[in-house]
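Can you look at this prediction? I've put the sequence above it.
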Amino acid sequence: MQVSFWSSYHQQGTTSNIIATGLYIALKYRLSILMTHNHFDRSVLESAFIDKSYINHNLLDFSDTGLDALIRFIKFNKIEKDDISSYTTTILKGRLDLLIGTRSSNWDIYQNNLNDTMQLIIQSANSYYDLVFIDTAPGQNNSSQTIIQNSDLVVINLSQNPNTIEYFLENYSEYKEKALFLIGKYDYNSRYNIKNLKRRFNINNILSIPYCIGFADACIESRIVDFFIRNIDIDKNDVYSNFFEGVESAAKSILTTLGIEESLKNIAGGL
C-alpha cells in the first residue's frame, strides 16, 4: 500500500513526519517499508539516515544506486517486482529501505524522466513492499499528482496556522476524502490547538506530533535510527514521551486507515 506525505506549502514538517512515522512502524511491526521522495532539491530524508559525508563522497558516486539509476534501468528494461530493491539502501534489514533521490542538476530533465517512469516505479514498489512511504514535493507538479492519485492514503501536513488549513480546503478539497491531517512541530501552548482546529474546520482526523529537539538534532546528525531505538519505549515521564506518544498515535492511525493495523496486533515485532 502507498502513503504519500504532502503539503500545499513548503516547510510544513512533511519530511520530519514521514521519518518519524515510517521509522516507528518499521521498528514496531513486521512490515517491509520503502521510503523515497520526488524532491528535486536535496532532501533531509537521506541525511537523517545516512551520514552526509557518505552521501556526498561515496553513495552518490555509484551509478547503480538510487532513483536516477532506477529511472535509467526502467527506460531500457522491463522491471520486475524485486528489481527495485537492488537500487535501494538498507536502513533496517527486512524492514526499511531507502530509495535516495535525484542528483540531477537539470529540473526539466529530471521531471520529464520521472513523469515517464513514475507509474512503473510505484507499481514495482507496491508489489514488493508492504508499505511505500513517499515524501511528495509540495504544491502541484506532474509527478506529485501521479503519486497522490495512486496513493491509498494522503497524509496532509499542516502547521498550526489556520491560514494553511483554509488554503488547503479552498484549493485541494478533492484530496480530503482519502486524507489524514498531521501537524508536525506541534505546540500544546498555542491557542490553535487540535481541539480548536477540529471545531473551527469541522475536521476530526487531525493528528499532531509535538516538536522535539532531540529528534530534530538526531535528524541533523544522521543518527535518527539510534535515537528511536534508544527512546521508543521510554517511560511516560521522560522528556521525549509526548513526542513518541504523538508519533505512535499518528503511525497507528495510518495503519488503521489502511485497514491493516488490526491484523498486526498479534505480530507486533518491537525491538
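Looks like it arrived, so ask away.

which intervals of this structure have sub-threshold pLDDT?
Within the chain, the segments meeting pLDDT under 70 span 11, 41-42, 52-64, 104-105, 262-271.

the longest strand in it is where?
strand 179-186 (DSSP state E).

What separation do you get for the residue of the chain most remote from its centre and Ser127?
Largest separation from the mean C-alpha position in the chain: Phe76, at 28.8 Å (C-alpha atoms, centre = their mean). Counting by C-beta to C-beta, to the nearest Å, the separation of Phe76 from Ser127 is 20 Å. In short, each C-beta sits where N, CA and C put it, glycine included.

ok, residues contacting the longest strand of the chain?
By C-beta atoms under 8 Å, 6 or more residues apart in numbering, the surrounding residues in contact with strand 179-186 are 5, 12-14, 16-17, 153-160, 165, 194, 197, 203, 205-211, 246, 250, 253-254, 257.

what about the residue farthest from the centre of the chain, distance to Leu70?
Phe76 sits 12 Å away from Leu70, taking C-beta to C-beta as the criterion.

ok, now Leu114?
Taking C-beta to C-beta, one finds Leu114 at 10 Å from Leu70.

ok, now Gln111?
Computed as C-beta to C-beta, the Gln111 to Leu70 distance reads 16 Å.

More neighbours: which of these two?
For Gln111 versus Leu70, the count of surrounding residues by other C-beta atoms under 10 Å is larger for Leu70: 25 against 19.

Next, the contact list for that one, please.
Ile84, Tyr87, Leu99, Thr117, Ile121.

Run a quick neighbour tally on the spatially closest residue to the first one that is not a sequence neighbour.
Once its chain neighbours are removed from consideration, Ile84 has its nearest residue in Ser124; the separation is 4.7 Å (C-beta to C-beta, 6 or more residues apart in numbering). A count of nearby residues for Ser124, using other C-beta under 10 Å, gives 22.

contact partners of the host helix or strand of Ser124?
Ser124 belongs to helix 107-128 when elements are defined using DSSP states H and E. For helix 107-128, contacts defined as C-beta under 8 Å, 6+ apart pick out 1-2, 32, 34, 36, 38, 40, 67, 70-71, 74-75, 79-85, 99, 102, 104, 132, 141-143, 146-147, 150.

that older thread, quick one: the longest strand of the chain to chain centroid distance?
Distance, stretch centre to chain centre, for strand 179-186: 12 Å (C-alpha atoms, centre = their mean, to the nearest Å).
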